[in-house]
Each structure stands twice: as structure tokens, then as C-alpha cells.
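Visitor: Okay, here's the prediction I keep looking at, along with the sequence it came from:
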Amino acid sequence: MKKTMILLFLACMLVVSGCSANSSNQNAGSNSNGNGTEAEGGNQAAGTDSVKIGYVINTLNNPFFVSVKDSAEKEAEEVGTKLSVVNANNDIATQLSGVEDLIQQGIDVLILDPVDSAGALPAIQAANDAGVKVITTGRMVEGAEIVTHLGYNEVKHGKEAGWFLAEALGGSGKIVELQGVMGTSTAQERSQGFQEAMADYPDIEILSSQSANFDRAEGLTVMENLLQAHSEIDGVYAANDEMALGALQAIEAANRNGIVIVGNDGTIDAFHAIQEGRIAGTMAIYPNQYGEKAIQIALQVANGENVKELIELPSIFVSEENVEEALSMQE
């Protein structure tokens, strides 16, 4: 991928591109007219010192979400707004209690990255009942009353990663898929996109699709079992980099050289593995930009500005051709 694509991506990061969400997925809390503006940057918002933002992140046991938290805290500090972050520890009950605690603290806006798409409804309802405006990030929650959703085109991510893997294998071979937490829209849509991409390659056989719950240790265990069950595996698609890195550990420990691995997320660990030639590529969504944008949008919402129902952040596929530029953006 040429350097000009990276420059175009950098230009895209200066604005947050948005498109209207399907009303069956989200009901806008303050933007029913469908018009709005995207976040322009953190420093222009008025009255930021009086705004209280709560951010409930589904887990901090994943480097991606640690980067999200760090970038959110950095942006909040730079613009002078109050931010409280809660780690839901991948637990729906902890997520709900965290939201309730933040409501008691008097937050104006809740940013919620759900543990589970359906399981997040009670937490969002609690915020609605308290008059707190809600922004969801990452995983969509169908039927929820929110102001906006900040995320990515996850079907596209699954497709692009799948296409890259298929082409790296020359259009034929035997592969396995490591899925995420299948109760989340992110896992479902990435898997959907991957499966759609594979439909273009009749000579590729998917030996197995198994969940490893977006977790590196589970990715290791699931991949160990798959290696034992299948004497021939040519490629691995993992719905996030943590599972890809877990699969890499299993493959290297078993001395099964030559298996092509493709991930999703764009973590620094994955970029380093690409530099070393151990992973072929990843669909990068730059977590260090993610939390920053969430804070900017939360301030817009708190200040009564209209925002679009769905705000989609840009992404780019990273391989050995552009990993150096991609890494420079992340570190």
C-alpha cells in the first residue's frame, strides 16, 4: 500500500466522517432532524470545565482499550473537562453498577463501550431515566435511546481482512476463523464481512470458526486445539489482534511455520509482529484516536450541538508495505 494512502488517511483523521444510522438500531436523543456537525477538535468547546463525562469501557485487559482510555484521559485533560473512567471488566453487572455510580456523581454525558450489545440496555435505560445523554462506542445496542454511536464499518473490516488473507494464499487453501464475543455487534459484523469475502474464493476452505472472545489467552488455547485437530492449516483470520497474537504463540510453539495470520484493530503489538514478519497484516482502527474523538463528541453533545446519529471513523489495512508509517501514527 502506497505512502499516499497513509497521507490520505492522515487527512481523513482531521475530521470525523459520519453517516446516518438505521433508525431500527438507534433512536437519536437530540438529533431527530438528522442534521449535525462532526467533532472538529477538543479545544474549541465552550464551558468544558463545567461538563462531567463518564466513560464506561468494557475491559482494560486488552491493549486496544488501554489506548482508548489513555487517549480519552489525555483529551479531557487538554480541554479541561472532568472525566471519570470505569472498567466494566467484561461483566454486564459491573457495567450497570458503574453507570449507576457515575449517574450518582452527576455526569452530564455517558460514553458507553458495551460489554454485550443486548446486555447494555439496562445501563442505557438507567442513564435515560436520569436525564443523562448517552453515546455508545464500538458495539452497537439495538433499540437503545442514544444521541449518537461512534464506531467503524465492521463488516468492511472483516471483508478487507478476508480479502487480504485470501490473496496472500493465492486464492486457495485451508483456513480457520477466530471469532470475538459473539454477543457483540463488533464480533458478529466482522465475522459476517469475513464470511462474505470468503464467498469470493471457492477454493478456500474454512475448516472451523470458533470464538476466542477477543482474548489472547483464549486465542492461544483455541488455536492449539485447532492445530491438533487439523494437520493442514494455511491461514488464520482473527477478529482482533489479541486473538491473532495468541494464535501466533500457538503456531510458533507447534513449529507450524508458514501459516498466514491476519488480525483486526491495529495495536502496537500487532504492528511489531508485522515488522518482524510473524503476522501478515491487520485492519487498523487506531485506538489512540478513538478515545480522543469520543471526548470531543461528548463535549458537543453536552453543549447542545447537533451530532449525526452514526459517526464512522476511518480505518486502513496495514501490512509490511505500510507498517512503518502506521506505527509512527500510533506511538
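Guide: All right, it came through fine. Numbering: from 1, shown residues only.

Visitor: any chance you could map the helices in this structure?
Guide: Secondary structure of the chain (DSSP state H): helices at 3-12, 63-79, 92-104, 121-129, 154-168, 185-198, 216-229, 241-253, 268-275, 287-302, 323-330.

Visitor: mean pLDDT lowest for which of those helices?
Guide: Within these, the stretch with the lowest mean pLDDT is helix 3-12, showing a mean of 40.

Visitor: Not including adjacent chain positions, what is the nearest residue to the residue nearest the centre of the chain?
Guide: Nearest to the geometric centre of the chain sits G138, at 5.1 Å (CA atoms, centre = their mean). Closest residue to G138 apart from its sequence neighbours, by CB to CB, 6 or more residues apart in numbering: D113 at 4.8 Å. Glycine gets a C-beta too; all of them are placed from N, C-alpha and C.

Visitor: what's the answer for I124, then?
Guide: Closest to I124 by CB to CB, 6+ apart is A144, at 4.6 Å.

Visitor: Would you check that that neighbour makes contact with A127?
Guide: No. At 9.7 Å, A144 does not count as touching A127 under the criterion of CB atoms under 8 Å.

Visitor: intersection of neighbour lists for those two?
Guide: V134 (CB atoms under 8 Å, 6 or more residues apart in numbering).

Visitor: Using the record's assignment, carve this structure into domains.
Guide: As recorded under automatic domain parsing, the domains making up the chain are 18-152+287-313, 154-284.

Visitor: now these in a markdown table, with distance to S328?
Guide: Formatted as a markdown table, the domains of the chain follow (distance: least, CB to CB, whole Å):
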| stretch | distance to S328 |
| --- | --- |
| domain 18-152+287-313 | 12 |
| domain 154-284 | 10 |
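
Visitor: Let me know how buried the residue nearest to L60 when sequence neighbours are not counted is, in neighbour terms.
Guide: Residue nearest to L60 in three dimensions, not counting chain neighbours: N87, with 4.6 Å by CB to CB, 6+ apart. Neighbour count of N87, defined by other CB atoms under 10 Å: 19.

Visitor: where's N87 relative to T59, distance?
Guide: 7 Å (CB to CB, to the nearest Å).

Visitor: next one: K159
Guide: K159 is 26 Å from T59, by CB to CB.

Visitor: Settle it for me: which of these two has more neighbours?
Guide: K159 (21 against 18).

Visitor: follow-up on the earlier one: since we're on the residue nearest to G138, how many residues are nearby?
Guide: Neighbours of D113 (other CB under 10 Å): 26.

Visitor: list the contacts for it?
Guide: D113 touches Y55, V56, I57, N58, F65, V68, T136, T137, G138, R139, counting by CB under 8 Å, 6+ apart.

Visitor: From what I see, the fifth one and P287 are in contact.
Guide: Yes. Using CB under 8 Å as the test, F65 is close enough to P287 to be in contact (7.2 Å).

Visitor: residues contacting D70?
Guide: Contact analysis of D70 by CB under 8 Å, 6+ apart lists N288, G291.

Visitor: what's the distance between it and D108?
Guide: As for D70, its distance to D108 is 22 Å (criterion: CB to CB).

Visitor: Please apply the same query to I268.
Guide: Counting by CB to CB, the gap from I268 to D108 is 33 Å.

Visitor: Name whatever forms a beta bridge with S319.
Guide: G281 (DSSP bridges).

Visitor: wait, doesn't Q296 sit right on K74?
Guide: No. The pair Q296 / K74 is not scored as a contact, 11.9 Å apart, by CB under 8 Å.

Visitor: Of the two, give the one with the bigger neighbour count.
Guide: Comparing Q296 with K74 by other CB under 10 Å, the one with more neighbours is Q296, at 24 against 16.

Visitor: for the residue nearest to L327 when sequence neighbours are not counted, what are its contacts?
Guide: By the measure of CB to CB, 6+ apart, the closest residue to L327 outside its immediate chain neighbours is F271, 4.6 Å from it. Contacts of F271 were listed using CB under 8 Å, 6+ apart, and they are T282, V318, V323, A326, L327, Q330.

Visitor: cool, E189 as well?
Guide: E154, V155, H157, G158.

Visitor: Let me have these in CSV, extended by distance to A166 and neighbour count.
Guide: Formatted as CSV, the contacts of E189 follow (distance: CB to CB, whole Å; neighbours: other CB atoms under 10 Å):
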residue, distance to A166, neighbour count
E154, 19, 27
V155, 16, 17
H157, 15, 24
G158, 12, 28
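
Visitor: From those, pick the one nearest A250.
Guide: G158 (21.9 Å; CB to CB).

Visitor: wait, doesn't the closest one sit right on Q188?
Guide: No. The criterion here is CB under 8 Å, and G158 misses it with Q188 at 9.7 Å.
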